[in-house]
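> based on what follows, work out the 3D shape:
(one chain, ligands or ions: 1)
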Amino acid sequence: MRPRLRIAWLALLLLASVALAARPRPHVLKRRNPTYAPLSDSSLDELVALTDLDATLDWTRPETTLAKLLVPRAVGSANLTRLQGMVEGHFRKLGWHVEKDTFDDSTPYGTKTFTNLVFTHDPSAPRRLVLSAHLDSKFFPTHPEDQFVGATDSAAPCAMLLDLATGLTPWLDRRKQRVEEGGGEEGREGQGESLQIIFFDGEEAFKDWTHSDSIYGARHLAHKWGSETDHSPQPVRATPRSPLRRISHLVLLDLLGAPNPLIRNFFPTTGWLFDEFLHAEERLGNAGHLWQGLEGEAYSARKGEVGAHERSFFVSRGGGGVSAYAGQIEDDHLPFLREGVPVVHLISVPFPKVWHTIKDNADALDLPTVKAWSLIVRLAVAEYLGLDPSAPIPNLNTPTEVKRDPRDLLSDEAG
Ligand SMILES: [Zn+2]
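Numbers count the residues shown, from 1 in each chain. Next up, the predicted model:
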């Protein structure tokens, strides 16, 4: 991805957004999705223990997923093909539905073949919460830049998504079973939301970022899903006909894994969901689940440098609700956003200092930060989908409580 504006312009933009903030805006009330259910305290410990994070994410151990991802993996490379196979195998083993979106597109280096990987826990569910990242690393034609591994961009986010699937699959299975036992397809009307994980191909530009040389996979998938009509028998009346409309929210992870990220809210209509990630961080922190293992080998060498992790990853929405950077970051979410899909963009802004340099390697990562991200995302997704195994499935005929927050009374045109 790239920032669309230079820093000098951002100051100007900030002033402009302050001026805009004074204007009255159309009334749009946003709220939690119907499946949302807070996780009980007893289930929180169980959630954290669902996977051994070190076994997946400690890249100093060559057998971990993240270690395997830390190789150059530009579009069309043998490494990328091999890793796509690894990712696909991971989800097949977990029993998820696999969809491979393979297509050709022209690039500054001629026609290339791309493959988006789409995994769905329960493809019959009418709606999907999508978590996504790009698997490809940026192509550099000359040595030594051709050894670029994109540790934050986006090896670490991809490893987090693989861990998310491993961790939540047993809970997703149990919830599906409980929904079916509690009314089957009827129960799906309100509860029928599944987790979908997308690994985009061709996010990076081959040369300089332009509208045609960037986000190849996301552009293709959003267009395909926007124009497809699903004529198969629908599980419930309310199932949207277009695959794009079945996405309740798209959460995009990018440039994560370096210490002390700054995550901002870009879209007023999904501010409530941004807050859920922030609350997940708070709750995990208060329960002592973040920053364990600071004595670990991968961390100790950097401890003095990165500090004590006392600051939140998230920039609180404050009164205005939207970051001045809103709409200024080009990334895989854009083709979906333009089609009306609600988006949360978890990206560190400013970008990590190593961005698009050979230094975006293992040294740029901070293991406790990567582990914290995995737990934050795991908790937020578990609550979004109401996965708590000890909680009852809510009565679907009872209207869900509307969470009113004055900051949500904004339109997407703001900022
Ligand atoms: Zn990049």
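
> where in the protein is pLDDT low?
Applying pLDDT under 70 to the chain flags residues 1, 3-31, 182-191, 230-240, 292-310, 319-321, 392-415.

> which helix in it has the most residues?
Counting residues, the longest helix found in the chain (DSSP state H) is helix 156-181.

> for that one, packing partners?
The contact analysis (3 or more Cβ pairs under 8 Å, 6 or more residues apart in numbering; DSSP states H and E) places helix 156-181 against helix 53-57, helix 65-69, helix 78-94, strand 127-134, helix 184-191, strand 193-200, strand 247-254, helix 367-384. All C-beta spots, glycine's among them, are computed from the backbone N, C-alpha and C.

> format these as CSV; extra columns: mean neighbour count and distance to residue 341.
CSV is the format used below for those (neighbours: other Cβ atoms under 10 Å; distance: least, Cβ to Cβ, whole Å):
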stretch, mean neighbour count, distance to residue 341
helix 53-57, 20, 29
helix 65-69, 21, 26
helix 78-94, 16, 22
strand 127-134, 25, 8
helix 184-191, 18, 20
strand 193-200, 26, 12
strand 247-254, 24, 5
helix 367-384, 24, 15
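
> of the ones you listed, which is nearest residue 334?
Ranking the helices and strands packed on helix 156-181 by proximity to residue 334 (Cβ to Cβ) places strand 247-254 first, at 9.6 Å.

> got a list of what residue 218 touches?
Neighbouring residues of residue 218 by Cβ atoms under 8 Å, 6 or more residues apart in numbering: 116, 200, 203, 332, 333, 334, 335, 336.

> just these: which are in strands?
Using DSSP state E, the members of the contacts of residue 218 that fall in strands are 116, 200.

> now a ChimeraX select for only the buried ones of the contacts of residue 218.
A single ChimeraX command suffices to select whichever of these are buried according to 16 or more other Cβ atoms under 10 Å:
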select :116,200,203,332,333,334,335,336
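
> next step: the contacts of residue 218 restricted to helices.
334, 335, 336.

> identify the farthest-apart pair in the contacts of residue 218.
Maximum pairwise distance among those (Cβ to Cβ): 15.1 Å, between 116 and 334.

> what is the neighbour count of residue 77?
For residue 77, the neighbour count with other Cβ atoms under 10 Å is 16.

> what's the local residue count around residue 45?
10.

> just the one 5 residues further on next, same as before
Here the neighbour count serves as a burial measure; for residue 50 (other Cβ under 10 Å) it reads 18.

> got it, and residue 71?
For residue 71, using other Cβ under 10 Å, the count is 16.

> sorry, back to before: using TSV, lay out the helices and strands packed on helix 156-181 together with distance to residue 285.
Shown next, in TSV, are those (distance: least, Cβ to Cβ, whole Å):
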stretch	distance to residue 285
helix 53-57	16
helix 65-69	23
helix 78-94	29
strand 127-134	21
helix 184-191	30
strand 193-200	24
strand 247-254	20
helix 367-384	8
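
> so for residue 173, which of those sits nearest?
With Cβ to Cβ as the criterion, residue 173 lies closest to helix 78-94 of those, at 9.3 Å.

> quick one: residue 82 and residue 88, what's the gap?
Separation of residue 82 from residue 88 (Cβ to Cβ, to the nearest Å): 11 Å.

> make that residue 97, sorry
12 Å.

> likewise residue 105?
According to Cβ to Cβ, residue 105 and residue 88 sit 21 Å apart.

> then residue 52?
For residue 52, the distance to residue 88 equals 22 Å [Cβ to Cβ].

> do you know which of the helices and strands packed on helix 156-181 lies nearest residue 37?
Comparing the helices and strands packed on helix 156-181 under Cβ to Cβ, the one sitting nearest is helix 367-384, at 6.5 Å.

> measure residue 109 to residue 243 for me?
30 Å.
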